[in-house]
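[1] Pasting the sequence and the predicted coordinates here, then a few questions.
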Amino acid sequence: MPDYDVVVIGAGVGGLSAAALCQKAGMKTLVLEQSERIGGCCSTFETPEGFRFDVGASVVEVTRAFEELFRRLGLPREKYIPLIQVDPIYDYCDNTRGVRFAYPTSIEETARVIAEFSPEDARAFLKFAEDYAPKISGLVDNFFYAPSLGFMDTLRLIVRYPGMLSVLPMFVTTHQKVVAKYFKHQDVLASMAFQSFYAGLPPDMCAGLYAVVGLLEHEGIFYPEGGMIRIPAGIQQAFHDLGGETRLGARVVRVMVENRRAVGVELWDGTEITARNVIGAINAKKLYMDMIGREHIPWHVWRGVTSLVLSMPCPMIYLGVDYEPPLRAHHTLTLTDPEVMNDYWSDYYLKGKLYEKDGRIEVMGLISWASKVDPGLAPPGKHVLTHMGLAPYNLAGNDWDRFKERYIDLAIQTIERYVIPDLSEHVVYRDMATPKDLERMLLHPGGAVYGIQTDISHMAVFRPANRSKCIRNLYLAGASTHPGGGVPAVVAGGIITGGLVVKDNG
């Protein structure tokens, strides 16, 4: 008799979601996590000084994924994951040009903000919402939770949800083409284009589907009280309440395979745990190449796995400050023209270089001010700021371990130039997680926070399948697989994977 019905590798939100659904179905399920903290990129850590920083993810969008998960578990979401609404959504700031405006949650109010400097684009924003808002609900409620194991699944989805036909063109165009069809003003276009980096790509490479993120955000953005770790912690608590088991510090080094069937896992210390089903909720390339190996995988599958492109890393800077910073929103962004975003990718990122402007290095990224809505994340009178950057894993002519402190300095200088003029005078704590740190801490190859790249050639059926096509009883969850990266999408992927395991073992 196997030790468990299901063993899950990785306690991120995807693995925990799939595990909870399996346990709900009466399957004895174990989650193994290599570190001493659950959540992966969706987690929170505390410093000796009393600052609590989010490791990576900074807000929750598309809360429907959480509601759907807990509906299937038969449990109240609000009991396990308390959420605080964030409004306004973004503060766009560029002190060098004297530009600053914030987008509220309300679509109508956002249009009014845009109308102050571009009436034409305000009308275009309302038209954009009119064209795509009706499609979003059906897209999320169907595409998000439907397996995409092959083209037949796509046909079944279209039969079940005919509205999918009107959305399909967005899969074969780019984010930039979608937003450029509506918006002309430089700042408005920039505010609608940067969300492509939530999928880890510049606007002219990211799939057009991600253009709807700018509308989904107007359904509401939320933050979990206590930090982003409350999301995996809430799912884990539900899993435990249903009878599931989690082991921390249990690093899996091998998926045991017999006759092309997954039969369990081997831990770092040599312990073997047998199972009827194995879910790899980790990077798909790492799972297939490092934990299974060439000898168990057909040549054509191996070729496909090795050709998968890892997503970009995301250097994270953690700053504790001794005052309330002069910000307006949970997220603050310096406006960058879409062409600059695209040129940065080809001229800097792919060459291992940092962005330069007017002869000086600038650190591009998004500022998160979580203690604005959750003051308990910092000691009294202090606040936490997190800077999510854009930078390559391999630095040309340098090394992240050596360059770390210099990068923090450059980021602070950039923030002072565009957003907070006196920031350096108020920083009382500073640290960062470089792409190599993220690789070491989370075992993400290349520090790839979104798993696999999300361009047109890595969408839906072209992503690693939630059910392995070459190893029986092996399933995948996490950012690498369908429907993609980002907390809601990974939770949705966990729902898909958990559903497949339950169905296949029913």
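    Right, received. Where do you want to start? Numbers count the residues shown, from 1 in each chain.

[2] Which neighbouring elements make contact with the lengthiest helix in the chain?
    Using DSSP state H, we find that the single longest helix of the chain is helix 119-143. Helices and strands touching helix 119-143, by 3 or more C-beta pairs under 8 Å, 6 or more residues apart in numbering; DSSP states H and E, are helix 107-115, helix 151-160, helix 164-167, helix 213-216. Just so you know, the C-beta spots here come from the backbone N, C-alpha and C atoms, and that holds for glycine as well.

[3] redo that, cut-off 6 Å
    Applying 3 or more C-beta pairs under 6 Å, 6 or more residues apart in numbering; DSSP states H and E, one finds that helix 119-143 contacts helix 107-115, helix 213-216.

[4] And the contacts of it?
    For helix 119-143, contacts defined as C-beta atoms under 6 Å, 6 or more residues apart in numbering pick out 64, 107, 111, 114-115, 161, 163, 167, 182-183, 185, 188, 212, 215.

[5] Any quick PyMOL command for the buried ones out of these?
    Buried subset of the contacts of helix 119-143, written as a PyMOL selection, criterion 16 or more other C-beta atoms under 10 Å:
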select buried, resi 64+107+111+114+161+167+182+183+185+188+212+215
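
[6] What confidence value was assigned to residue 157?
    Here the pLDDT value assigned to residue 157 is 69.

[7] circling back: so for residue 154, which of the helices and strands packed on helix 119-143 sits nearest?
    With C-beta to C-beta as the criterion, residue 154 lies closest to helix 213-216 of the helices and strands packed on helix 119-143, at 21.6 Å.

[8] hmm, who's touching the helix or strand following that closest one?
    Once helix 213-216 ends, the next helix or strand along the chain (criterion: DSSP states H and E) is strand 221-224. Here strand 221-224 makes contact (C-beta under 6 Å, 6+ apart) with 59, 60, 61, 81, 83, 84, 85, 86, 89, 230, 231, 373.

[9] Looking at the longest helix of the chain now, give me its mean pLDDT.
    Mean predicted lDDT for helix 119-143 stands at 85.

[10] quick one: it to helix 107-115, angle?
    140 degrees (axes from the mean of the first three to the mean of the last three C-alpha atoms, to 10 degrees).

[11] residues of helix 119-143 that come out buried?
    So, applying 16+ other C-beta under 10 Å, buried residues of helix 119-143: 121-122, 124-126, 128-129, 132, 135-136, 139-140, 142-143.

[12] export the contacts of strand 221-224 to CSV and tack on neighbour count?
    Formatted as CSV, these follow (neighbours: other C-beta atoms under 10 Å):
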residue, neighbour count
59, 20
60, 26
61, 21
81, 25
83, 20
84, 14
85, 12
86, 24
89, 21
230, 23
231, 27
373, 17
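
[13] so of those, which ones are in helices?
    230, 231.

[14] residue contacts, residue 89?
    So residue 89 contacts 103, 217, 221 (C-beta under 6 Å, 6+ apart).

[15] For residue 344, grab phi and psi.
    When read as degrees, to the nearest 10, the backbone of residue 344 gives phi -60, psi -40.

[16] From residue 345, how far off is the closest residue to it other than its chain neighbours?
    Distances taken as C-beta to C-beta, 6 or more residues apart in numbering place residue 355 nearest to residue 344, at 5.4 Å, with adjacent residues excluded. Distance, residue 355 to residue 345, using C-beta to C-beta, to the nearest Å: 10 Å.

[17] now the helices for the stretch 251-400 of the chain?
    Along the stretch 251-400 of the chain, counting by DSSP state H, counting those that start in this stretch, helices occupy 284-286, 299-307, 338-347, 400-418.

[18] Give the other helices and strands that the third one contacts.
    I take that to be helix 338-347. Checked by 3+ C-beta pairs under 6 Å, 6+ apart, helix 338-347 has no helix or strand packed alongside it.

[19] residues of the longest strand seen in the chain that come out buried?
    In the chain, taking DSSP state E as the definition, the longest strand is strand 272-280. Neighbour counts over strand 272-280 (16+ other C-beta under 10 Å) mark 273, 275, 276, 277, 278, 279, 280 as buried.

[20] do stretch 247-260 as well
    Of the residues in stretch 247-260, 250, 252, 255, 256, 257 count as buried by neighbour count, 16+ other C-beta under 10 Å.

[21] same thing with stretch 436-454?
    Result for stretch 436-454 [16+ other C-beta under 10 Å]: buried residues 436-439, 441-454.

[22] list the contacts for the closest residue to residue 482 other than its chain neighbours?
    Among residues not flanking residue 482 along the chain, residue 148 sits closest, at 4.4 Å (C-beta to C-beta, 6+ apart). Neighbour list for residue 148: 460, 461, 482 [criterion: C-beta under 6 Å, 6+ apart].

[23] Residue 56 too?
    Contacts of residue 56 by C-beta under 6 Å, 6+ apart are 41, 449.

[24] From residue 227, how far out is it?
    12 Å.

[25] so what sits against both of those two?
    The contact sets of residue 56 and residue 227 do not overlap (C-beta under 6 Å, 6+ apart).

[26] Identify the bridge partners of residue 272.
    residue 266 (DSSP bridges).

[27] I figured it was touching residue 263, is that so?
    No - the pair residue 272 / residue 263 is not scored as a contact, 9.5 Å apart, by C-beta atoms under 6 Å.

[28] Show me the shaky parts of the chain.
    Applying pLDDT under 70 to the chain picks out residues 157-159.

[29] Include distance to residue 349 and neighbour count when you put the contacts of residue 89 into JSON lines, please.
    Conversion of the contacts of residue 89 to JSON lines gives the following (distance: C-beta to C-beta, whole Å; neighbours: other C-beta atoms under 10 Å):
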{"residue": "103", "distance to residue 349": "27", "neighbour count": "25"}
{"residue": "217", "distance to residue 349": "25", "neighbour count": "21"}
{"residue": "221", "distance to residue 349": "27", "neighbour count": "25"}
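
[30] Among the residues you listed, which one sits closest to residue 172?
    residue 217 (23.8 Å).

[31] roughly how far apart are that closest one and residue 107?
    10 Å.

[32] what does residue 463 give?
    Distance, residue 463 to residue 107, using C-beta to C-beta: 31 Å.

[33] got it, and residue 405?
    In terms of C-beta to C-beta, residue 405 sits 43 Å off from residue 107.

[34] And residue 419, by the same measure?
    From residue 419 to residue 107 the distance is 26 Å (C-beta to C-beta).

[35] and what of residue 130?
    The value you get for residue 130 to residue 107, if C-beta to C-beta is used, is 10 Å.

[36] again with residue 7
    Counting by C-beta to C-beta, the gap from residue 7 to residue 107 is 45 Å.

[37] do the same with residue 311
    On the measure of C-beta to C-beta, residue 311 and residue 107 end up 30 Å apart.

[38] Residue 488: neighbouring residues, count only.
    22 (other C-beta atoms under 10 Å).

[39] Would you agree it is in contact with residue 67?
    No - Residue 488 is beyond contact range of residue 67, at 10.5 Å (criterion: C-beta under 6 Å).

[40] Can you report how many residues lie near residue 323?
    12.

[41] and the nearest residue to it once chain neighbours are set aside, how many neighbours?
    Here the nearest residue to residue 323 in space, its sequence neighbours aside, is residue 426; by C-beta to C-beta, 6+ apart that works out to 5.1 Å. By other C-beta under 10 Å, the residues close to residue 426 number 17.
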